[in-house]
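Chemist: Okay, sequence plus prediction incoming.
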Amino acid sequence: MTTTRTDLLSLTEDALAALANRGLVKRAAKELAAGTGATLTITDDGGIEATFPDGTRTHLPPGTPLSAATCTCAASAQCRHRIGLVLAYQSTHTQEENSTTWSPADIPDETLTRVLGTRAVDAARHRLTSGFEAVVHRGASTATAPHVELPTCTVTFHVAGDPSYATTDAAEAKRAEAIVLAVWAFRAAPADENHVDGIHVRVGGTPQSPNTLDLTPLDRAAEVIENLLLDGTAHAGPLSLSGLRHAVRDLTDASMLWPAAVAEDLANQVEWYAQRNARYEMRRAAELITEFQSRRRAAHTSSTPASAILGTTEPQTTELRRVRLVGLGCRVEGGTTSRMAELYFAHPQDGAVLVLRTSWESDSEPLRTRRIARFPLYQLAAANLISDAATRSASRVITLGSSNVAKTSVLPVGRSWLDLPERLLIRDFKALVERISARGPRALRPRVVAEDVFVFVIDTIEAIGYDPAQQRLEAVVRDEQGTQALLRAEYSPHAPAALNALATELTTDRSERLLLSANVTIESGQAILHPIALSPSTGDTIRVPDLEPGDGSTALPVPPTSHHEHANPIAGILNQTADTLAEHAHRGLALLTAPAHAATKRLAHNLRRTGLIALAALLDDYAQALATEDRAAQLRTWTDAFIAAEACRSAI
């Protein structure tokens, strides 16, 4: 009696596409539907033999995964014949409904060792001793397979109890280890949780006392940053910048990846100000100083393992096997002598957004035609990227190699936006605001770029206008439930035609919904969408405003408005507080004069009148410290006040 191959029956179209590619699956399905698919026979040993009209023969031995199948065609890896064998087998067998749920957590270590090898399990155990962060997706939706986001790759399980069918974008040398770690991440997830969006877990490691990890590099870097805060970014010279760059190297050598990234971003801010580069942001520099100090404080005093705050256990980079990423558009920034482009790509399995960064010196060549991996920027930003040469960092930044062997190609994006997982394709604005608001403090979370980039399904567009004073285009947009969000785009001299392109798309009459990739911020409980790219819901084309040709001289097809925000005394006073403290960091705490002290006291008084008593007390302490020569007190109270102000701003 032949044993039914339940593993083959469990393979969905998405699973087969992950094991091979979607083009092979579609071709094999088309051939089967046309009657030119495989003819199956069962061999004497219980294997499956598939014979095709062109004479090709494919054999799958009994008890082996699809990867063990042999084929007489010229393909060295998965081919349409192997996929055709599975589809033909499924067409002649009925998969029994399985009412019981399954989890990769149920895969025993004995099975992992047998299928993946002792070396992979031993390597995973070594990684487990230091611990790692992961996001577990149980696949509660029938359209979603169970998968895990590891720091630098994703692992997806397609067949119950069988790790041989797990797929990952990690390179082949790390594939088996990643699958083992993903199984253990499922085991670490709380048994009573079943969130579609994902469960954040800490896997392995041991709780660390504050003194377990040598924090000397962190403290040395703190001295550099504290001196910068006292002197002010406006007065930072080459010595300060050199100190920051040296701190970045020390922190990186100590594997403190998150504070190293903070210090590097802060060094960039200092350098941009010295160059009079428009990319310098006073508020951003203050946020970076505060984030560094927050991580340092938590590393010294928090019961949370220091490795989770500093990123000491995260691999810096991981090479990826052939990976397909969905283009979400591009944003362009720049200064007087350079331009930088950030291209955003969605991982179609887990919905993580990855960023590809590149920069050039300014010259006469249009930025949109600049090339990355042989492809012009405008094409790469709106395409499916397929690469054998990608490397992914723990912060989700990717790079593309230049090897002649490893290749990168692009395909039309088609309807790929509509196929993105539900955690990335946002149909409910209110639910997204609640999800973002429930996250922990940004200053202590793993440092992930583009964590707030999503694709939004916009049902209606209304109240479009342009404020010439602010050089800002705004529109009220609503989701399918009628929940409102505010679309906001500001003029940039580095993308002069962007607002025209965006306004044209927003005012175009269309019967279908609009898809918008955007970075989202939350203000007073409302989502603010900062657009990156747009596409009709049919998914035919993607328009990237920042890469549109033109000089922006064409009149905008929207009415001019004078935008006046509704009075919100709490939001207003909190923004004033953050701006004042950021200005103090810019000017230098040690250089502030009596008028600044008096203004800080008045600000504390206004906070108290608004009802923000605790924040007012912190401002009082800060004002008192400014009136003394106690530099340590100035540093401490400024940091306390800025942390509190930012926490209040994110809570309203």
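Modeler: Received it, and whenever you're ready, just let me know what you need.
Chemist: Run a quick neighbour tally on the nearest residue to Asp109 once chain neighbours are set aside.
Modeler: Of all residues not flanking Asp109 in the chain, Val121 sits nearest, at 6.7 Å (C-beta to C-beta, 6 or more residues apart in numbering). C-betas here are computed from N, CA, C, even on glycine. By the criterion of other C-beta atoms under 10 Å, Val121 has 18 neighbours.
Chemist: what's the answer for Gly588, then?
Modeler: Neighbour tally, Gly588, other C-beta under 10 Å: 18.
Chemist: Tell me who's in contact with it.
Modeler: 229-232, 234-235 (C-beta atoms under 8 Å, 6 or more residues apart in numbering).
Chemist: which of these are buried?
Modeler: 229-232, 234 (16 or more other C-beta atoms under 10 Å).
Chemist: Looking at these, which are in helices?
Modeler: 229-231 (DSSP state H).
Chemist: Which of those lies at the shortest distance from Pro545?
Modeler: Minimum distance to Pro545 across those is 36.7 Å, recorded for Leu229 (C-beta to C-beta).
Chemist: Please report how far the residue nearest to Val332 when sequence neighbours are not counted lies from Asn519.
Modeler: Spatial nearest neighbour of Val332, excluding adjacent residues (C-beta to C-beta, 6+ apart): Asp546 at 4.4 Å. Look at Asp546 and Asn519: by C-beta to C-beta, to the nearest Å, they are 12 Å apart.
Chemist: Looking at these two, which is more packed in?
Modeler: Shown here are Asp546 and Asn519; by other C-beta under 10 Å, Asp546 has more neighbours (28 against 17).
Chemist: picking up where we left off before, would you mind giving the buried ones among the contacts of Gly588 as JSON lines with pLDDT and distance to Arg374 added?
Modeler: Shown next, in JSON lines, are these (pLDDT from 0 to 100; distance: C-beta to C-beta, whole Å):
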{"residue": "Leu229", "pLDDT": "96", "distance to Arg374": "45"}
{"residue": "Leu230", "pLDDT": "96", "distance to Arg374": "48"}
{"residue": "Asp231", "pLDDT": "95", "distance to Arg374": "46"}
{"residue": "Gly232", "pLDDT": "95", "distance to Arg374": "45"}
{"residue": "Ala234", "pLDDT": "94", "distance to Arg374": "42"}
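Chemist: Let me have those residues in CSV, extended by distance to Ala166.
Modeler: Listed next are those as CSV, based on distance: C-beta to C-beta, whole Å:
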residue, distance to Ala166
Leu229, 48
Leu230, 53
Asp231, 53
Gly232, 53
Ala234, 53
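Chemist: can you pull the contacts of the residue nearest to Val332?
Modeler: 329-332, 492, 494-495, 498, 532.
Chemist: Next step: the residues you listed restricted to strands.
Modeler: 329-332, 532 (DSSP state E).
Chemist: How far away from the center of its chain is the worst-scoring helix or strand of the chain on mean pLDDT?
Modeler: Ranking every helix and strand in the chain by mean pLDDT, DSSP states H and E puts strand 317-319 at the bottom, with a mean of 76. The chain centre lies 16 Å from the centre of strand 317-319; the measure is C-alpha atoms, centre = their mean, to the nearest Å.
Chemist: Flag every buried residue along that strand.
Modeler: Those would be 318-319, for strand 317-319 by 16+ other C-beta under 10 Å.
Chemist: circling back: buried subset of the ones in strands among the contacts of Asp546?
Modeler: Neighbour-count burial (16+ other C-beta under 10 Å) applied to the ones in strands among the contacts of Asp546 gives 329-332, 532.
Chemist: Redo those as JSON lines? Include distance to Ala614 and pLDDT.
Modeler: Converted to JSON lines, those look like this (distance: C-beta to C-beta, whole Å; pLDDT from 0 to 100):
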{"residue": "Gly329", "distance to Ala614": "41", "pLDDT": "94"}
{"residue": "Cys330", "distance to Ala614": "42", "pLDDT": "95"}
{"residue": "Arg331", "distance to Ala614": "37", "pLDDT": "93"}
{"residue": "Val332", "distance to Ala614": "41", "pLDDT": "90"}
{"residue": "Ile532", "distance to Ala614": "37", "pLDDT": "97"}
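Chemist: Which of those sits closest to Ser409?
Modeler: Cys330 (18.4 Å).
Chemist: ok, for the closest one, nearest residue in space, not its chain neighbours?
Modeler: Leaving aside its chain neighbours, Cys330 sits nearest to Ala381 (3.8 Å; criterion: C-beta to C-beta, 6+ apart).
Chemist: Tell me which residues touch that neighbour, please.
Modeler: 327, 329-330, 343, 533, 542, 544, 547.
Chemist: ChimeraX command to pick out the buried ones of those residues?
Modeler: Applied in ChimeraX, the following selects the buried portion of these according to 16+ other C-beta under 10 Å:
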select :327,329,330,343,533,542,544,547
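Chemist: List just the nearest of the contacts of Ala381 to Glu365.
Modeler: The closest of these, once distances to Glu365 are taken by C-beta to C-beta, is Leu547, at 13.3 Å.
Chemist: State the helix or strand in which the spatially closest residue to Ala346 that is not a sequence neighbour lies.
Modeler: Closest residue to Ala346 apart from its sequence neighbours, by C-beta to C-beta, 6+ apart: Val326 at 4.4 Å. Using DSSP states H and E, Val326 maps to strand 323-334.
Chemist: Over to Leu516?
Modeler: strand 514-523.
Chemist: What of Cys73?
Modeler: Using DSSP H and E, no helix or strand contains Cys73.
Chemist: tell me what the one helix or strand Phe642 maps to is packed against?
Modeler: Taking DSSP H and E as the definition, one finds Phe642 inside helix 631-651. Secondary-structure packing of helix 631-651 (3 or more C-beta pairs under 8 Å, 6 or more residues apart in numbering; DSSP states H and E): helix 216-231, helix 282-301, helix 569-587, helix 613-626.
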